[in-house]
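Chemist: heads up, no residue letters with this:
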């Protein structure tokens, strides 16, 4: 698992969706979620199974 701390999770999420990675490479992208521990985040699972968690501190 990789954890990426970003300044604007919503912008990054929208960018990832525009890339259409799920259709191009079979990448799985979760919904953008506000977690109870104060982070706005989403996850990407790449074709090799690595989980990429992108989050913004709120």
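Modeler: It's in. Remember, predicted model here, so these are calculated numbers, not experimental data. Numbering: from 1, shown residues only.
Chemist: okay, CA-based contacts and neighbour counts for the rest of this
Modeler: Fine.
Chemist: and the closest residue to residue 2 other than its chain neighbours, what does it touch?
Modeler: Closest residue to residue 2 apart from its sequence neighbours, by CA to CA, 6 or more residues apart in numbering: residue 52 at 4.9 Å. Contacts here follow CA atoms under 8 Å, 6 or more residues apart in numbering; on that basis residue 52 touches 1, 2, 3, 4, 43, 44, 45, 46.
Chemist: Surely residue 52 is within a helix?
Modeler: No: residue state for residue 52 (DSSP: H, G, I helix; E, B strand; the rest coil) corresponds to strand; a helix is not indicated.
Chemist: Report the helix or strand with the lowest average pLDDT across this structure.
Modeler: helix 21-25 (a mean of 90; mean pLDDT, DSSP states H and E).
Chemist: Show residues contacting that one.
Modeler: Against helix 21-25 from outside (CA under 8 Å, 6+ apart): 27, 28, 29, 47.
Chemist: starting at the chain centroid, how far to that helix?
Modeler: 14 Å (CA atoms, centre = their mean, to the nearest Å).
Chemist: and after it, which helix or strand comes next?
Modeler: strand 28-29 (DSSP states H and E).
Chemist: name the helices or strands packed onto that next one?
Modeler: Under the contact criterion of 3 or more CA pairs under 8 Å, 6 or more residues apart in numbering; DSSP states H and E, strand 28-29 touches helix 21-25, strand 39-45.
Chemist: for the record, mean pLDDT for it?
Modeler: For strand 28-29, mean pLDDT rounds to 96.
Chemist: With stretch 50-58 instead?
Modeler: Here the average pLDDT along stretch 50-58 is 96.
Chemist: Can you list the buried residues in it?
Modeler: 51, 52, 53, 54, 55, 56 (16 or more other CA atoms under 10 Å).
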